[in-house]
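Visitor: pasted the sequence and its predicted model underneath.
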Amino acid sequence: MSTYKNLIGKDVNFLTTDPDNDAAEGQIWYNSTDGVFKDLIISEAWSAGGPLTTARLDLAGAGTQTAGLAFGGSTPSLTANTEEYNGSGWANGGALNTARNRLAGAGTQTAGLAFGGQTPPITGATEEYDGSTWTANPSGLNTARSYLAGCGTQTAGLAFGGATASPFPSNLSNSTEEYGGSAWTAGGNLGTARYVLAGGGTQTAGLAFAGQTSTARTAGTEEYDGSAWTAGGNLSSAKRQLAGSGTQNAGLAFGGETSTIANSVTTEEYDGTVWSSGADMATGRRVLAGAGTQPASIAFGGLITAASSLTEEYNRSVNVITGAAWSSGGSLGTGRYQANGQNVGTKSAGLMIGGQGSYPPANPAVTISNVEEYNGSSWSEVTNLPTTRAMLGSVGTQTAAFAFGGYGKPGGGPNPAPSSPVFDTTFNYDGSSWTSETAMPAAVAYLTGAGTQTAVVSIGGNPALTTCNEYDGSSWTSTGALNTGRHNASAFGIQTAAIAAGGAPGIPVETSSETYNGSSWTANPTNIVGINQAGAAGTSTDGLLFGGAPSTTSGAVGYNGTIFFTQPNISSSRYGGSNGSTTAASAYYAGGGGGPPTRQLTEEFTGETSALNIKTITTS
């Protein structure tokens, strides 16, 4: 009788804790703590990625899951926009020379290829991407066409199928062309002329599947050997307007439209012979784009009921990937906004200081002195500030916070009248009471800051100040000035490595950011969005900005020390809330303007996580 070791080559181990790495794949073990047998298995699943900066359909893609490329498409207007994916979110790249949709792509993020499409008219235009700039090649496709598919590399590309003229589907092509890095030459024709198809693979091992023939949608697959196409296994259902990725022996098909489903969620995997079911997408869509490999792909853009910015990642591995996301937290007791500049605490230990609230709730907002603490699920009232104030700066933790500057207006209800319209006063909070500290060099409001209770940098203020000062827990020192004067800015990081981003007044301040090294400020690349009064969290190399004005937004962007890129949106558009955390993955956003309902909202951010797919073995 064969044993498990004879069959698998491994013993059944007895462990007190589960393995923490994928070396346990195929292994069975007995967890003596839980009293059960377990194993580690491969699973397939889609998870959320950062949205495109520009929602669009009929676009093209190239690259990998961690270095993807999106270009062209319709917003619904034709666009030349290019975006680059870093495995978390999208950042803007160089624009195509020819804005178009219904095109195809191949290659990588730093060596991309775009060809065909519609401007209109239908075009054979070909462009090469070097990671920053597209260069037009005078030698376009020999047969201009749209709704085609492509695969391969920038120096060994493959174009196949498509439509040569409208109306569709009366003018379909079975033409195949090979790109050698400078010109296109004829290859073997597809067995079935079709358009709105998908593909994968290389120039000498290509894969074409699904699409629309002159009479109907098709499930047909064809394989290319560098000179001719031969029939492969059919998809489980005929569909068109789908996306694909992978290779001839490990292909992936996802999304699209069937005869009965406008926006399909289905995914199928190809092994070189047959297609089998994979995990469903979270959101069905058509005329989308894809890139990557069978075990690690991305799907982006497309049409739901309008152009979409959604990105999803497909993973076939022993790890279960959970995409980054915001979730609802407890409601503030006193709804408020104009708390921008407060970057204090974490999502499990937050703090909201003053701001603009309402007394009673139906009355117009007034400057308040109320302070609330957050424990990760609910807010509770604690000791008020000695005076009402809003648009102040604050840094630190829930039990060691520092509040500085801000403005005062007439209070209401239980709030005292302010002593000054603009403050230079500062306070320390120890988790139970407030104590007065050394005044700032000058009174300032609409400022922000970064750091800790005893290592603070105050940043800017109204009216568009470049002034920055450092506080060491006892005294203030003037330090390097901002390159761009700003108020209503956002900041994250520490006193010796801080980022100041956005602010007022207007463009270009709203899209600019700067890095502080403890003595001077250096301009950063332009942000992909223009914002002021946004929430912020994280470090100078792993930051997060969310919400903001002037057009109240729910958008969020990350910063990796080099570029800004998209991140999952907050649920409700707002600005001027309290926020915090020294890590982006534990950020929170509380309150904010945009309408009375947003003033009590709290949301918590959780970064992307990965965990081994460990399963308990049962007899059922």
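Guide: Nice, I can see it.

Visitor: CA atoms of stretch 501-509 as CSV?
Guide: This file holds the C-alpha atoms of stretch 501-509, laid out as CSV (Å, rounded to 0.1, in the frame of the first residue of the first chain):
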residue,chain,number,x,y,z
ALA,A,501,1.8,68.5,-0.7
GLY,A,502,-0.8,70.6,-2.4
GLY,A,503,-2.5,73.6,-0.8
ALA,A,504,-3.8,76.9,-1.9
PRO,A,505,-4.0,79.3,-3.7
GLY,A,506,-4.8,77.4,-6.9
ILE,A,507,-2.7,75.7,-9.6
PRO,A,508,0.3,75.1,-9.6
VAL,A,509,0.3,75.0,-5.8
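
Visitor: buried residues, that stretch. List them.
Guide: By 16 or more other C-beta atoms under 10 Å, the buried positions in stretch 501-509 come out as Ala501, Gly502, Gly503, Ala504, Val509. (Glycine included, C-beta is placed from N, CA and C.)

Visitor: of the residues you listed, closest to Gly548?
Guide: Lowest distance from Gly548 to these (C-beta to C-beta) belongs to Gly502, with 6.8 Å.

Visitor: what sits closest to that closest one if chain neighbours are left out?
Guide: Ile531 (4.3 Å; C-beta to C-beta, 6 or more residues apart in numbering).

Visitor: contacting residues around that neighbour?
Guide: Contact analysis of Ile531 by C-beta atoms under 8 Å, 6 or more residues apart in numbering lists Ser490, Ala501, Gly502, Glu510, Leu545, Gly547, Gly548, Ala549, Thr553, Gly555.

Visitor: report the beta-bridge partners for the fifth one.
Guide: In this structure, Leu545 has beta-bridge partners Ala536, Val557, where bridges are defined by DSSP bridges.

Visitor: who's in contact with the nearest residue to Thr176 once chain neighbours are set aside?
Guide: Spatial nearest neighbour of Thr176, excluding adjacent residues (C-beta to C-beta, 6+ apart): Gly187 at 3.9 Å. Applying C-beta under 8 Å, 6+ apart, we find Gly187 in contact with Leu158, Phe160, Thr176, Glu177, Glu178, Tyr224, Gly226, Ser227.

Visitor: pLDDT value on the nearest residue to Asn142 once chain neighbours are set aside, please?
Guide: Of all residues not flanking Asn142 in the chain, Trp184 sits nearest, at 5.5 Å (C-beta to C-beta, 6+ apart). On the pLDDT scale, Trp184 is placed at 98.

Visitor: tell me the phi and psi of Trp184?
Guide: Backbone geometry at Trp184, expressed as degrees, to the nearest 10, gives phi -100, psi 140.

Visitor: do the same with Pro508
Guide: The phi/psi pair for Pro508 (degrees, to the nearest 10) is phi -90, psi 0.

Visitor: that one: what's it in contact with?
Guide: The contact partners of Pro508, by C-beta under 8 Å, 6+ apart, come to Thr484, Thr526.

Visitor: tell me how many other residues crowd the closest residue to Asp20 other than its chain neighbours.
Guide: Distances taken as C-beta to C-beta, 6+ apart put Leu612 closest to Asp20, at 7.2 Å, once the chain neighbours are dropped. A count of nearby residues for Leu612, using other C-beta atoms under 10 Å, gives 18.

Visitor: related to what we said a few turns ago, which among the contacts of Ile531 gets closest to Thr399?
Guide: The shortest approach to Thr399 among the contacts of Ile531 belongs to Ser490, at 23.7 Å (C-beta to C-beta).

Visitor: model confidence for the closest one, exactly?
Guide: For Ser490, the model assigns a pLDDT of 97.

Visitor: then Gly412?
Guide: Listed pLDDT for Gly412 reads 58.

Visitor: can you list the domains in the chain?
Guide: Annotated domains of the chain cover 4-40, 45-323, 326-606 [automatic domain parsing].

Visitor: shaky segments in the stretch 501-620 of the chain?
Guide: Applying pLDDT under 70 to the stretch 501-620 of the chain picks out residues 619-620.

Visitor: what about the strands in it?
Guide: Listed in chain order, the strands of the stretch 501-620 of the chain (DSSP state E, counting those that start in this stretch) span 513-516, 521-523, 535-539, 542-546, 556-559, 564-567, 578-580, 588-590, 602-606, 609-612, 614-616.

Visitor: need those strands in TSV (columns: distance to Leu252).
Guide: Converted to TSV, those look like this (distance: least, C-beta to C-beta, whole Å):
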stretch	distance to Leu252
strand 513-516	37
strand 521-523	41
strand 535-539	33
strand 542-546	30
strand 556-559	27
strand 564-567	23
strand 578-580	38
strand 588-590	36
strand 602-606	27
strand 609-612	20
strand 614-616	24
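
Visitor: give me the distance between the residue nearest to Asp20 and Glu269.
Guide: 21 Å (C-beta to C-beta, to the nearest Å).

Visitor: winner for burial among the strands of the stretch 501-620 of the chain?
Guide: Most buried of these, by mean neighbour count (mean count of other C-beta atoms under 10 Å): strand 578-580, with a mean of 31.

Visitor: which strands and helices sit next to that strand?
Guide: strand 349-353, strand 535-539, strand 588-590 (3 or more C-beta pairs under 8 Å, 6 or more residues apart in numbering; DSSP states H and E).

Visitor: need these in TSV with distance to Gly200, can you?
Guide: What follows is the helices and strands packed on strand 578-580, written out as TSV (distance: least, C-beta to C-beta, whole Å):
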stretch	distance to Gly200
strand 349-353	46
strand 535-539	37
strand 588-590	40
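
Visitor: Ser378: which of those is closest?
Guide: Ser378 sits nearest to strand 349-353 of all these, at 10.7 Å, using C-beta to C-beta.

Visitor: can I get that closest one in CSV, CA atoms only?
Guide: Output of strand 349-353 as CSV, limited to C-alpha atoms (Å, rounded to 0.1, in the frame of the first residue of the first chain):
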residue,chain,number,x,y,z
ALA,A,349,-5.8,55.6,18.5
GLY,A,350,-7.0,58.7,16.8
LEU,A,351,-7.5,62.3,17.9
MET,A,352,-9.8,65.1,16.7
ILE,A,353,-9.1,68.6,18.0
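
Visitor: which is the succeeding secondary structure element to that strand?
Guide: Downstream of strand 349-353, the next assigned helix or strand under DSSP states H and E is strand 356-358.

Visitor: average pLDDT for the helix or strand following that next one?
Guide: Downstream of strand 356-358, the next assigned helix or strand under DSSP H and E is strand 365-367. For strand 365-367, mean pLDDT is 83.

Visitor: now do the next helix or strand after strand 365-367: everything it contacts.
Guide: Where DSSP H and E defines the elements, the next helix or strand beyond strand 365-367 is strand 371-374. Contacts of strand 371-374 with the rest of the structure, by C-beta under 8 Å, 6+ apart, involve 329-330, 332-334, 345, 347-354, 379-385, 398, 429, 588, 590, 602.

Visitor: what is the distance between stretch 73-80 and the centre of its chain?
Guide: Using C-alpha atoms, centre = their mean, to the nearest Å, the mean C-alpha position of stretch 73-80 is found 21 Å from that of the whole chain.

Visitor: and it, end to end?
Guide: Stretch 73-80 has its terminal residues 7 Å apart, counting by C-alpha to C-alpha, to the nearest Å.

Visitor: now do stretch 97-108
Guide: End-to-end span of stretch 97-108 (C-alpha to C-alpha): 18 Å.

Visitor: same thing with stretch 234-241?
Guide: Using C-alpha to C-alpha, one end of stretch 234-241 lies 16 Å from the other.

Visitor: contacts for it, please.
Guide: Taking C-beta under 8 Å, 6+ apart as the rule, stretch 234-241 contacts 196-197, 209-212, 216-221, 253, 255-259, 264, 266, 268, 275, 277, 286-287.

Visitor: let me see the mean pLDDT of it.
Guide: 98.

Visitor: list the buried residues of it.
Guide: Neighbour count says stretch 234-241 has Leu235, Ser237, Ala238, Lys239, Arg240, Gln241 buried, by 16+ other C-beta under 10 Å.
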